[in-house]
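Participant: below are the sequence and a predicted model for it; my questions follow.
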Amino acid sequence: MSESSSVEKGKGLLQATLSNKAAFRNISQSKQLERIASYSPCKNSGCNCCFWKNGSSAPSRDCSNCGHAIQYHIEKVLTLSVPQRESILDLTVEIDLLYTLYHKETDSVLKHALFILLKILRKAVSQCTEPNVEPTFGKPPFETVTISKAITSFINNNFKHYTPEDQKKLSDIGKYLLYLINKFSLQSPAVFSEKNPAAKTNAYKTIYFRWLAFCHVPLSVQSLQHHEVSQIFGRTFLKFTFPFIRKQFTSKIELVFDKIAPDRQQMFRALLPELLDSLEAEIGNEASPIWGNTPSPRPMAVVEEDYSSVGTQQVMSSHTVAQVIETILEPSRQVGPPGLQNSARDEGARHEEEQGIIRVEVIQNSLHTEVPKQHLLWLVGMQNVYVLQLPRMPKEYIARLVFDSKHKVLCLIKNNAVIGGICFRQFPSQGFTEIVFHAVSSNEQVKGYGTHIMNHLKDYHIQCGITNFLTFADEFAIGYFKKQGFTKNITLESHKYHGYIKDYEGATLMQCALNPKICYKELSRVIKRQKEIVQGLVEWRQSKTSKVYPGITSFKKGGRIAIEDIPGVLETGWTPRTEKEEENSSINNKYFTTIWAKLKGHSSAWPFLEPVKPEIAPDYYQHIKYPCDLQTIGEKLGQGYYKTRKMFIADINRMINNCKLYNDASTEYYKCASVLQKFFINEMKEANLYDP
């Protein structure tokens with residue numbers, strides 16, 4: 001967001017303050033005092049003169065406004081030391097420049113901000129003090145957790161499982177991102193409001209004024225203390241600006257990508273998308289730990305089932321399991337890595353609903369009964385959200401369906417205004433519901449609201465006895481609906497929905513089958529708690545294992561050792577595979593061999609037939625830590641290495657990803673990798689072995 005106002009246009013003029021200050025310091029002392037007097041009110045008792053003005057009779061140096069001598073305008077200045085007097089003189093130069101910008105400015109909000117700064121500087125000259133903007137604009141930092149602290153915490157906590165080398169690379173990306181945030185220029189509130197009509201303009205205006213006073217203007221008006229954006233602002237600033245900062249960040253990387261060292265190119269290609277996606281999700285999650293929140297566990301119902309034989313090989317009693325669960329539920333006795341305490345995507349939205357900040361309402365228009373006025377206002381609001389967020393849908397079509405009495409709308413209400421919702425039509429006799437529209441206002445996205453209202457819709461339909469959703473998703477929405485449990489594999493009989501559901505050209509039909517035993521609003525919490533309990537059981541089991549076995553020596557002689565002969569393996573509860581499992585492994589190996597042979601014979605397989613030779617790509621093994629190729633995979637197949645489909649898929653994916661990581665997307669190697677990957681997935685699906 002670049003600012004086109006005079007503050008931005010006048011950067012060169014503001015930079016001229018340095019030369020102007022130097023010029024005024026070189027004039028005579030009497031001329032310096034006259035200049036300061038022209039910005040100082042008269043101190044004579046009862047005089048209301050605001051500034052000294054030289055009369056026609058210059059030698060008298062009396063003020064032509066009030067007739068008093070110049071000493072009444074500068075009596076306090078005369079008591080200052082030379083450096084202090086020069087500081088006041090510098091203020092007069094900066095006042096002139098701000099005054100020029102004020103009169104050239106056309107934006108009313110920015111003009112008001114410049115006027116406030118002018119008053120602050122004139123007051124400082126009058127009182128012979130340093131200007132202080134804090135009484136007017138507040139004292140920084142404005143949020144407890146600043147952007148700098150949050151991004152540092154985000155990288156340290158969310159990527160601590162990475163290698164030290166990759167962590168350092170991520171830290172470098174984080175530093176560059178902070179640099180861009182500090183250099184970022186905000187739009188004026190008028191421009192921002194025009195582009196984001198649903199945004200909170202007052203909150204943005206406050207941020208804009210503070211950014212001007214503490215970050216932008218002080219770059220040239222040196223009497224004002226300069227602060228870095230990342231050191232005084234926090235989550236609120238990023239909520240308004242991060243989509244634009246992200247776009248600017250990626251654009252700058254693309255512009256200089258060819259000039260970046262090869263190792264850094266690899267770093268940006270491999271780590272940047274994941275980091276930005278994760279950070280954007282954290283910005284939308286108010287309950288995220290990076291903002292200083294430590295969410296306390298929600299009380300759970302007493303566990304009455306006997307878990308003594310569930311995955312514990314009969315070595316844990318129900319009393320032990322109950323003790324571990326009690327530990328999990330007690331915040332002061334938390335166990336396991338901190339990563340398990342991270343909130344789910346919809347946790348923030350669920351917390352806001354519990355606090356009464358948001359609520360969900362299911363409403364619809366009616367032709368037979370009177371519809372409450374508030375419901376009609378919400379329907380209008382929902383229509384506006386869809387029009388803005390679904391620009392390819394005709395406005396008339398959206399209005400017709402939203403206000404159709406056969407359609408319902410699940411609305412998300414915040415501050416008594418609609419910020420998102422799902423329009424749907426139920427077909428109880430056919431056993432399904434069609435989801436027509438689903439959208440959240442742009443300024444309220446990435447907060448988990450979409451997932452939250454989808455979970456509400458699922459629970460609502462389970463109560464209605466409907467357990468299937470159908471929707472047509474365009475290419476941009478398929479990924480989102482997959483995350484919500486939708487699939488392209490339609491299990492509902494076609495005769496139940498053909499002729500009922502609206503067909504959209506170029507869209508993909510997707511289905512979501514609901515489980516009546518699940519409370520979807522609490523699903524992420526339940527899964528999170530299950531993970532904590534399992535981790536607690538693992539921690540308890542590990543704490544009871546104190547015996548240390550000697551190392552294995554058979555490998556020194558080049559020999560092999562059976563798994564059951566490894567010291568301590570049997571004590572963990574491990575048992576040899578049954579004959580049936582061995583038979584299944586053998587069958588899988590035949591399938592893997594067949595698919596491997598097809599891959600090897602594919603026209604795009606030539607880059608992968610054998611290991612990469614150093615003479616062809618000298619730095620290949622410096623960038624690729626775990627190389628893989630079809631020849632190596634074939635050798636592993638011959639040794640019976642692949643016991644599961646995941647092992648086989650992992651090696652193929654490693655081979656493909658290595659190629660994409662090392663080669664540019666425009667190269668023939670990269671294109672061959674993409675073609676071969678699609679071919680592999682199709683072959684695995686046909687063999688019913690694909691497990692992404």
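Facilitator: Now that the structure is in, tell me what you want to look at. Residues are numbered from 1 along each chain as shown.

Participant: what separation is there between the residue nearest the centre of the chain and Lys76?
Facilitator: In the chain, the residue lying closest to the centroid (Cα atoms, centre = their mean) is Glu280, at 0.6 Å. Distance, Glu280 to Lys76, by Cβ to Cβ, to the nearest Å: 53 Å. (Each C-beta comes from the backbone N, C-alpha and C, glycine too.)

Participant: does Lys119 count as helix, strand or coil?
Facilitator: Using DSSP: H, G, I helix; E, B strand; the rest coil, the structure places Lys119 in helix.

Participant: spit out the contact partners of it.
Facilitator: By Cβ atoms under 8 Å, 6 or more residues apart in numbering, no residues touch Lys119.

Participant: tell me the pLDDT of the residue nearest to the centre of the chain.
Facilitator: Note on Glu280: pLDDT of 82.

Participant: quick one, what contacts it?
Facilitator: Applying Cβ under 8 Å, 6+ apart, the residues contacting Glu280 are Phe242, Pro243, Arg246, Val446.

Participant: equivalent analysis for Lys408, please.
Facilitator: Contacts for Lys408 (Cβ under 8 Å, 6+ apart) come out as Val362, Ile363, Gln364, Cys423, Phe424, Arg425, Gln426.

Participant: the last one: how many residues sit nearby?
Facilitator: When neighbours are defined as other Cβ atoms under 10 Å, Gln426 has 16 of them.

Participant: state the pair within the contacts of Glu280 that is farthest apart.
Facilitator: For those, with distances taken as Cβ to Cβ, the pair at the greatest spread is Arg246 and Val446 (10.9 Å).

Participant: out of those two, which sits in the busier spot?
Facilitator: Val446 (19 against 16).

Participant: assumed that one was part of a strand.
Facilitator: No: going by three-state DSSP, the assignment for Val446 is coil, not a strand.

Participant: what ranges does the chain have for its strands?
Facilitator: Along the chain, counting by DSSP state E, strands occupy 358-363, 408-414, 417-427, 432-440, 468-473, 508-513.

Participant: which one is Ser108 nearest to, not counting chain neighbours?
Facilitator: Closest residue in space to Ser108, ignoring its immediate chain neighbours: Ala190 at 7.4 Å, by Cβ to Cβ, 6 or more residues apart in numbering.

Participant: relative to Asn196, how far out is that neighbour?
Facilitator: As defined by Cβ to Cβ, Ala190 lies at a distance of 11 Å from Asn196.

Participant: now do the same end-to-end measure for stretch 210-221.
Facilitator: Taking Cα to Cα, to the nearest Å as the measure, stretch 210-221 stretches 15 Å from start to finish.

Participant: flag every buried residue along that stretch.
Facilitator: For stretch 210-221, burial by neighbour count (16 or more other Cβ atoms under 10 Å) applies to Arg210, Trp211, Leu212, Ala213, Phe214, Cys215, His216, Val217, Pro218, Ser220, Val221.

Participant: could you do stretch 599-607 as well?
Facilitator: Buried residues in stretch 599-607, counting neighbours by 16+ other Cβ under 10 Å, are found at Leu599, His602, Ser604, Ala605, Pro607.

Participant: please report the distance of Tyr504 from Lys395.
Facilitator: Separation of Tyr504 from Lys395 (Cβ to Cβ): 17 Å.

Participant: surely Arg425 meets Lys406?
Facilitator: Yes: contact status for Arg425 versus Lys406: in contact at 5.8 Å, counting by Cβ atoms under 8 Å.

Participant: of the contacts of Glu280, which belong to helices?
Facilitator: Among the contacts of Glu280, the residues falling in helices (DSSP state H) are Phe242, Pro243, Arg246.

Participant: export only the CA atoms of stretch 616-628, formatted as PDB.
Facilitator: The C-alpha trace of stretch 616-628 is given here as PDB (Å, rounded to 0.1, in the frame of the first residue of the first chain):
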ATOM      1  CA  ILE A 616      26.700 -33.200 -14.600                       C
ATOM      2  CA  ALA A 617      25.600 -31.200 -11.500                       C
ATOM      3  CA  PRO A 618      28.600 -30.500  -9.300                       C
ATOM      4  CA  ASP A 619      26.700 -28.900  -6.500                       C
ATOM      5  CA  TYR A 620      23.700 -31.300  -6.500                       C
ATOM      6  CA  TYR A 621      24.700 -33.200  -3.300                       C
ATOM      7  CA  GLN A 622      25.400 -29.900  -1.500                       C
ATOM      8  CA  HIS A 623      21.700 -29.000  -1.800                       C
ATOM      9  CA  ILE A 624      20.100 -32.400  -1.800                       C
ATOM     10  CA  LYS A 625      20.700 -34.200   1.500                       C
ATOM     11  CA  TYR A 626      18.700 -37.400   0.700                       C
ATOM     12  CA  PRO A 627      19.000 -38.200  -3.000                       C
ATOM     13  CA  CYS A 628      16.800 -40.900  -4.600                       C
END
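
Participant: thanks again, I'm all set now.
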